[in-house]
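A.B. asks: Fold the following for me, if possible:
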Amino acid sequence: MRKPVAGIITASMIVTMFTSYGYSSDKNILSVEPLVMKKSALESMLPKNTKKSADTITELDVIICEYGQNTKDWFLGSGMKGSNFVSKFEEENPNIKLNLDVVSWSDVYDEVDKRIKSGNTPDILNIDIYSEYAEDGLLLPIKDYCPTKLYNDFFDPFLEQSAIDDTVWALPDLASSRALYCNADIFKEVGIDYPTTWTELEDVCSKIKDYYNGKIYPWGIDMTTDEGQAAFSYYTWGNGGGFVDDKGKWAVNSSENVEALEFALGLVEKGYTNPKPATQTRYDLQDLFAEGKLAMVIGPNQLPAYVEKKGGNINMVPVPIPAAKGKKSSSIGVMDRIMAFKDANAPDQDARNEAIGQFMTFFFAPENYTAWVEMEGFLPVVKSGVKYMTKYDTSFGAWLDILDNCKFYPTEKTEWAQVKKDIIAAEQNALNGNDVKKELDKVQKKLN
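C.D. replies: Numbers count the residues shown, from 1 in each chain. As a prediction, the model looks like this:
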């Protein structure tokens with residue numbers, strides 16, 4: 001805890017930042033002085049007619065998750081152009097004091113639980129989970145503190161992932177997603193455009209195969225046990241299907257899904273893909289792409305850095321993943337969250353909510369936010385962030401469409417772990433010649 005400051009009203013906040021879809025790093029927890037009460041609690045002991053100082057300062061406790069070796073320096077050291085996030089924020093917002101800790105992913109869940117049990121709930125927390133906090137009545141709905149202009153800047157699919165019964169309880173703070181990366185030099189040499197539909201994709205694959213006489217694989221498919229469920233999502237979402245229907249019920253064997261998987265297998269049968277989709281993982285495909293032996297690969301936003309690390313010199317362009325004619329392109333989304341906790345003892349709830357809103361506004365300001373997101377290797381969750389980064393890299397503009405049409409695995413369903421395995425098995429059986437519909441029917445039957 002922090003020491004009380006004379007004349008200061010404290011609204012305790014904690015901000016914690018997290019990496020999904022497999023992002024974690026070692027974390028260090030800053031020491032806490034256990035005998036000091038929150039300022040808000042001290043204020044509650046004062047006589048009710050005590051007047052607040054005209055120079056009232058709202059004090060916020062913030063926890064940030066440690067994404068990498070530069071996180072702590074960015075928020076607390078000198079990594080933000082010789083300064084840091086806390087100093088710059090307090091300079092622009094002299095009515096707010098931040099008590100910010102950077103905590104490792106391995107420690108953050110226990111640290112938050114400890115603070116909740118001790119009655120010292122965080123003011124702002126950035127983490128992957130949110131629903132258990134919301135269901136326990138600990139969180140503020142974002143409408144209480146998020147300015148309308150900022151709210152409208154977020155990509156809708158990411159906001160929707162933190163909603164329960166139409167109430168949004170947390171803001172997305174950063175994202176990862178997948179795009180179709182194309183080798184621009186190959187496309188230029190063959191004289192073709194980047195595909196947007198399945199029909200165009202087949203035409204492009206045919207021309208690349210013929211032009212290079214099979215020496216360059218046109219299209220990459222990973223139906224391995226590593227991430228075969230991702231391939232299922234690319235094609236089924238791109239055909240109006242998916243893991244669940246519009247009501248959230250399992251619909252693995254829908255006609256759209258059967259048609260989508262048959263299309264993907266058709267690419268394999270025509271020789272348009274890598275030769276061993278059941279055993280060649282996404283990393284194998286990324287290596288082929290880095291070597292110039294694969295013309296197109298679906299990969300994460302970190303792919304350019306991966307290719308460079310592998311020694312590749314590929315002129316690559318990210319574009320939306322092709323979809324069936326008349327259908328919308330979709331990609332996998334992964335996100336972390338930032339949320340605000342309630343503080344019943346705060347002497348001025350309106351001032352506290354306003355301070356939280358000021359924090360969020362400063363945090364997501366493009367000139368601040370994009371530098372941090374890029375440093376950590378993720379994607380912005382606000383449109384202004386993508387537009388800001390596009391000024392320096394025009395190809396980055398493709399992420400506006402990709403992020404605006406992201407979908408998410410149904411990880412909230414208890415059957416997901418088994419469904420994922422069963423779908424991969426169905427894909428691999430279909431690669432060996434089994435009937436696609438019968439394979440997907442078997443998966444669905446186990447869920448009925």
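
A.B. asks: wait, doesn't residue 71 sit right on residue 102?
C.D. replies: Yes - under the criterion of C-beta atoms under 8 Å, residue 71 makes contact with residue 102 at 5.7 Å. Placement of C-beta: from N, CA and C, glycine included.

A.B. asks: Secondary structure element holding residue 445?
C.D. replies: helix 436-447 (DSSP states H and E).

A.B. asks: Which neighbours do residue 71 and residue 102 have in common?
C.D. replies: Taking C-beta atoms under 8 Å, 6 or more residues apart in numbering as the contact rule, the neighbours common to residue 71 and residue 102 are 64, 65.

A.B. asks: residues touching residue 412, list them.
C.D. replies: With contacts defined as C-beta under 8 Å, 6+ apart, residue 412 is in contact with residue 131.

A.B. asks: and it, helix, strand or coil?
C.D. replies: coil (DSSP: H, G, I helix; E, B strand; the rest coil).

A.B. asks: Next, it: phi, psi?
C.D. replies: When read as degrees, to the nearest 10, the backbone of residue 412 gives phi -70, psi -10.

A.B. asks: distance of it from residue 164?
C.D. replies: Distance of residue 412 to residue 164, computed by C-beta to C-beta, to the nearest Å: 11 Å.

A.B. asks: got any residues that touch both of those two?
C.D. replies: Joint contacts of residue 412 and residue 164 (C-beta under 8 Å, 6+ apart) are residue 131.

A.B. asks: Flag the shaky bits of this structure, pLDDT-wise.
C.D. replies: Within the chain, the segments meeting pLDDT under 70 span 1-55.

A.B. asks: Domain map for it?
C.D. replies: By the assignment in automatic domain parsing, the chain contains the domains 9-175+334-407, 177-333+408-447.

A.B. asks: First-to-last residue distance for stretch 175-192?
C.D. replies: End-to-end distance of stretch 175-192: 31 Å, with C-alpha to C-alpha, to the nearest Å as the criterion.

A.B. asks: in it, what's buried?
C.D. replies: Neighbour-count burial for stretch 175-192 flags 175-183, 186-187, 190, 192 (criterion: 16 or more other C-beta atoms under 10 Å).

A.B. asks: Same question for stretch 229-248.
C.D. replies: 229-243.

A.B. asks: ok now the helix or strand residue 205 falls within, how far from the chain's centre?
C.D. replies: When elements are assigned from DSSP H and E, residue 205 belongs to helix 198-211. Mean-position distance between helix 198-211 and its chain equals 32 Å (C-alpha atoms, centre = their mean, to the nearest Å).

A.B. asks: Which elements pack onto it?
C.D. replies: On a contact count with 3 or more C-beta pairs under 8 Å, 6 or more residues apart in numbering; DSSP states H and E, helix 198-211 meets helix 184-190, strand 217-219, helix 255-269.

A.B. asks: Cool, thanks, talk later.
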